[in-house]
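Engineer: Build me a model from this:
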Amino acid sequence: MASSRKPNSAELKVVVAERLRSAVPPGARLVLGLSGGIDSVVLLDTLVALASTYPFALSAVHVNHGISSHAPHWAAFCEALCRQRQIPFALEQVVLNRNAGMGLEGAAREARYEALARRAAESDADFIVLAHHRDDQAETLLLHLLRGAGPRGLSGMPERRCIRGVRANLLRPLLDIPRSAIECHARTQGLEWVEDESNQDVGFKRNFLRNRILPELESAFPGAGQAIVRSAANIAEAGELLDNLADEDLAKVASGSGLDRQGLLLMGEVRARNALRRWCEILGAPWPGLAALKELLRQIATADRGAAVHVRFADWSFRLYREALYLEPLMHAVSQDFAVRWQGESELYLADIGGVLRFCPAEGDGLSEARLRSGTVAIGLRRGGESLQPDVRRPARSLKYLFQESGIPTWERNRLPLVFCDGALVLVPGIGIDCRWKAAPGEAGMIVTWDASRH
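Structural biologist: Numbering: from 1, shown residues only. From the prediction side, this is the model:
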């Protein structure tokens, strides 16, 4: 973390340069989130200055949330700023999801990150660069502390992190820089910026901390902001150790795509909760909350062997099946009449049931390609009464029997895509191919796999 001495305007560029050299390879593509406020304008100015000596491609994105009447002016200001510096500029107009239960600040933040991630994906960027600084870090830790967060929340914002579903990483090169140094740089360089009037509205929790609480803390405890940030770094280090422990524990109790119930319970409640928290993070699920995890562990500890357990939270649910615990997103109901024609695609995205069916050519393996292409291939869902004969040495068995034999959880069965050819069931992912439709040795075949999306 930062030393006790505040970097001046000249040193700010040196600090940012060090961050870039340690994180950004030469030739990388950077997308800057440019709000037009003093922080992002200073970061733009610094990156433009560094681009002449350190090779990277820089572009900027302004996200218009449509909240303020001044938003069109801010967008025009950012565009002009980039035009003057010959930096490629893009404007993203977003619509806030006011029904997500996260408040205006949270909805705006989520929309902003989604827009930046979308732009980064479109431009194949390596990094999304944001102008969060040390004072922002202190505010974030206090906010999370007041919400009762655990080590992950209290560790604050990382300087660099991955973004789920996007190749680009998030980078915050100003995170060690105090607001005072940023303001000093802006004044000495004669920069212009816009002021968001909502920043003075103490009705917003972050603004209340910024304008009321932190100044009082600094007055009574000089260096309070820096001490808070130092605590965040210490907590982040402890959080990393907890993640490492959770990863080891999850590896020990992994059971297919689930977790072994007894192995989880033998960890003890605190360690089991740590493993479950990490599992949620890995699968992209939100934090269920302490009460939900305690209730889940109580239920799986007291349930009879073979009993079903179902605990819902947000748009996800924990399910216990055959002594294994699963974590799945809640899915909308799909009609049994669901049907999609296959017309030779290598990938068939089935949005209604949430996944991708892949068809990969193979010699002497999978379904007979000639028989598939000579007939009408349709993808449907289980309706009841279907049967399959995966093994020529055994008779055809009902799908219900085969599902039970293979240990496929009950809630997955009605969303599993079945492959039919001319009305005959020829393949069920996870179960097998009907032996009468298998490719013969040396014959062109087609291996069909199902990749179910979890988010």
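
Engineer: any idea how far residue 328 is from the residue nearest to the spatial centre of the chain?
Structural biologist: In the chain, the C-alpha closest to the average C-alpha coordinate belongs to residue 164, at a distance of 3.3 Å (C-alpha atoms, centre = their mean). Distance from residue 164 to residue 328, counting by C-beta to C-beta, to the nearest Å: 17 Å. For the C-beta atoms, the positions are set from N, CA and C on the backbone; glycine is no exception.

Engineer: could you pull out the strands for the stretch 201-350 of the chain?
Structural biologist: Applying DSSP state E, counting those that start in this stretch to the stretch 201-350 of the chain gives strands spanning 254-255, 258-260, 309-313, 316-321, 324-329, 339-342, 347-350.

Engineer: can you tell which of these is closest to residue 83?
Structural biologist: strand 347-350 (39.2 Å; C-beta to C-beta).

Engineer: Following element in sequence after the closest one, please.
Structural biologist: On the C-terminal side of strand 347-350, the nearest following helix or strand under DSSP states H and E is strand 355-363.

Engineer: Need the contact partners of the helix or strand that comes right after that next one.
Structural biologist: The element immediately downstream of strand 355-363 (helix or strand, assigned by DSSP H and E) is strand 367-368. Contacts to strand 367-368, defined as C-beta atoms under 8 Å, 6 or more residues apart in numbering, come from residues 419, 426-427, 433, 437-440, 443-448.

Engineer: in this protein, which segments are predicted with low confidence?
Structural biologist: 1-9, 98-102, 453-455 (pLDDT under 70).

Engineer: mind giving me the domain ranges of the protein?
Structural biologist: The record, using automatic domain parsing to delimit domains, assigns the chain the ranges 9-232, 256-329, 339-452.

Engineer: chain center to the shortest one: distance?
Structural biologist: What it means is domain 256-329. Mean-position distance between domain 256-329 and its chain equals 20 Å (C-alpha atoms, centre = their mean, to the nearest Å).

Engineer: and the end-to-end length of that domain?
Structural biologist: 17 Å (C-alpha to C-alpha, to the nearest Å).

Engineer: residue contacts, residue 250?
Structural biologist: 259, 275, 278-279, 282.

Engineer: wait, I meant residue 350
Structural biologist: Shown in contact with residue 350 (C-beta under 8 Å, 6+ apart): 340, 356-357, 379, 417.

Engineer: List the beta-bridge partners for it.
Structural biologist: Per DSSP bridges, the residues bridged to residue 350 are residue 355.

Engineer: quick one: it from residue 283, how far?
Structural biologist: Noted for residue 350: a distance of 20 Å to residue 283, by C-beta to C-beta.

Engineer: do the same with residue 253
Structural biologist: 15 Å.

Engineer: Counting neighbours, go ahead and name the busier of the two.
Structural biologist: Ranked by neighbour count (other C-beta atoms under 10 Å), residue 253 and residue 283 place residue 253 first, with 21 against 14.

Engineer: What count of nearby residues applies to the nearest residue to that one once chain neighbours are set aside?
Structural biologist: In space, and not counting its chain neighbours, residue 253 is closest to residue 263: 3.5 Å by C-beta to C-beta, 6 or more residues apart in numbering. Neighbours of residue 263 under the rule other C-beta under 10 Å: 19.

Engineer: Can you mark which positions in stretch 294-309 are buried?
Structural biologist: Within stretch 294-309, the residues that count as buried by 16 or more other C-beta atoms under 10 Å are 296-297, 300, 309.

Engineer: what ranges do the strands span in the stretch 1-150 of the chain?
Structural biologist: Per DSSP E, counting those that start in this stretch, the stretch 1-150 of the chain carries strands over the ranges 28-33, 56-64, 89-93, 127-129.
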